[in-house]
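> sequence below, structure please.
(chains A and B)
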Amino acid sequence: AQTVTQSQPEMSVQEAETVTLSCTYDTSESDYYLFWYKQPPSRQMILVIRQEAYKQQNATENRFSVNFQKAAKSFSLKISDSQLGDAAMYFCACTQGGSEKLVFGKGTKLTVNP
Amino acid sequence: NAGVTQTPKFRILKIGQSMTLQCTQDMNHNYMYWYRQDPGMGLKLIYYSVGAGITDKGEVPNGYNVSRSTTEDFPLRLELAAPSQTSVYFCASTRQRSSGNTIYFGEGSWLTVV
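The predicted structure follows:
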């Protein structure tokens, strides 16, 4: 079965500093997508960044970037210049099968200290 | 642009009662999904649909039923509610992969079974 593992239940960072959240996954598929979602206390699922497995270049979205290591099945999220509004749960997810089903990790709770 | 709309947002059920969570999307998406999120966990797939008239089970389908009579609507039926079904439920939708694979989530439905 496909799995996504987030080994850091909680992380903290000082405002304006950089933090990296880890994610590893296990899939037998060759064509898949990886995602990082942010979930604030409202429980809304907010897409942070998306990576297509067949693209070697790491995806970036403003202060958010990923380190995608396909051979190692690793997909970490780096948040630069952390802001108080970045505090939330962060979930890593991977598509499964051709119907875009998502398998989620258990999440990492990020605290940003002023 | 409404996106994915779920109703109700909050509901308290008694053990043994039944109810339907409604989900509607106005983006003409083929694929629709129902996920549940238990406390401290990531989302898990309950059921999904790749088009009107087609549904299939996900990871945790027991105790639920779905139907997809139109492209827009994908209701989730809970039969004989149990405390284990206390969770936050998310509906999601997307086009097929060729359209860029952005997955849109509803705002969630908080269900408590007492």
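> which one of the residues in chain B is closest to chain A?
The nearest approach of chain B to chain A comes at residue B:42, 3.2 Å away (CB to the nearest CB). The C-beta positions use only the backbone N, C-alpha and C, and glycine is treated the same way.
> what about that residue, how many neighbours?
21 (other CB atoms under 10 Å in any protein chain shown).
> what's the lowest-mean-pLDDT helix or strand in chain B in contact with?
Scoring the helices and strands of chain B by mean pLDDT, DSSP states H and E places strand B:104-105 at the bottom, with a mean of 92. By CB atoms under 8 Å, 6 or more residues apart in numbering or on different chains, the surrounding residues in contact with strand B:104-105 are A:44-45, B:3-4, B:25, B:27, B:29, B:90-94.
> enumerate the residues of chain B near chain A.
Residues of chain B found near chain A (CB under 8 Å from any CB of the partner chain) are B:31, B:33, B:35, B:37, B:40-45, B:48, B:50, B:56, B:58, B:88, B:90, B:92, B:94, B:96-97, B:101-103, B:105, B:107-108, B:110.
> at 10 Å instead, please
When proximity is defined by CB under 10 Å from any CB of the partner chain, chain B lies next to chain A at B:30-31, B:33, B:35, B:37, B:40-45, B:48-51, B:54, B:56, B:58-59, B:88, B:90, B:92-97, B:100-110.
> for the residue sitting nearest the centre point of chain A, name its beta-bridge partners.
For chain A, the residue lying nearest the average C-alpha position, counting by CA atoms, centre = their mean, turns out to be residue A:36 (3.2 Å). Note on residue A:36: beta-bridge partners by DSSP bridges are residue A:49, residue A:92.
> which residues touch it?
A:21, A:23, A:46-51, A:59, A:61, A:64, A:66, A:75-77, A:79, A:90-93, A:105, A:108 (CB atoms under 10 Å, 6 or more residues apart in numbering or on different chains).
> ok so, going back, pull the most distant pair out of the contacts of strand B:104-105.
Comparing every pair within the contacts of strand B:104-105 by CB to CB identifies A:44 and B:29 as the most remote, at 18.6 Å.
> the closest residue to chain B within chain A: neighbour count?
Per CB to the nearest CB, residue A:104 is where chain A lies closest to chain B, at 3.2 Å. Residue A:104 has 21 neighbours, counted by other CB under 10 Å.
> who's in contact with the closest residue to it other than its chain neighbours?
Distance criterion CB to CB, 6 or more residues apart in numbering or on different chains; nearest residue to residue A:104, sequence neighbours excluded, is residue B:42 at 3.2 Å. Neighbouring residues of residue B:42 by CB under 10 Å, 6+ apart: A:4, A:6, A:37, A:39, A:89, A:91-93, A:102-107, B:35.
> kindly recompute the last result at 8 Å.
Counting by CB under 8 Å, 6+ apart, residue B:42 touches A:4, A:91, A:93, A:104-107.
> average pLDDT across the host helix or strand of residue B:88?
Assigned by DSSP states H and E, residue B:88 falls within strand B:87-94. Per-residue pLDDT values across strand B:87-94 average out to 96.
> report the buried residues of that strand.
Neighbour-count burial for strand B:87-94 flags B:87-94 (criterion: 16 or more other CB atoms under 10 Å in any protein chain shown).
> the chain: strands as residue ranges?
No chain specified, so I'll use chain A. Counting by DSSP state E, chain A has these strands, from start to end: A:3-5, A:10-14, A:19-21, A:24-26, A:33-39, A:46-52, A:60-61, A:64-69, A:74-79, A:88-96, A:101-104, A:108-113.
> try again with chain B
B:4-7, B:10-13, B:19-25, B:31-37, B:43-51, B:54-57, B:64-66, B:76-78, B:87-94, B:104-105, B:109-113.
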